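1. okay, sequence plus prediction incoming.
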Amino acid sequence: MLKFEIVKCKKPFNEAFQEGELYKAHPNKRGQQQVFIGNKRYLIRPERTFVISECAYYLDFFEPVGTMFLPNVKKCKELQEKTIDEILEIMKE
């Protein structure tokens, strides 16, 4: 099972992200967390993984707002094509 999330930016990871904005996020096939702006993906991981865990690093920048568990990456990619509002409605059901 893969965790598909809608996340709120706590502090910008880079210049592409804005504080307070909502984004779609799910892990890639290697389990590395990625956040999407439109169709562009950003891997959220520290330069030195032995210094801090990738999960803790990710949570420094993003706060989960909604979560769904999906069986595979294909299902994540299907949800990726929906808007954030549509995904939040699905999560409420």
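-> Thanks, I have the structure now.
2. strands of the protein, residue ranges please.
-> Using DSSP state E, the strands of the chain run over 2-9, 22-27, 33-37, 40-43, 62-70.
3. what's in contact with the first one?
-> Right, the one you point to is strand 2-9. Residues outside strand 2-9 that contact it (CB atoms under 8 Å, 6 or more residues apart in numbering): 17-27, 35, 61-73, 75-76, 79, 84, 87-88, 91. C-beta here means a position set from N, CA and C on the backbone, and glycine is covered the same way.
4. go through the strands of the chain and find the least confident stretch.
-> Among these, strand 40-43 has the lowest mean pLDDT, at a mean of 86.
5. tell me the centre residue of this protein?
-> A25 (1.8 Å; CA atoms, centre = their mean).
6. ok, that residue - contacts?
-> F4, E5, I6, V7, Q33, Q34, V35, F36, I44, F62.
7. switch the cut-off to 10 Å
-> 3-7, 33-36, 41-42, 44, 58, 62, 64, 67, 76 (CB atoms under 10 Å, 6 or more residues apart in numbering).
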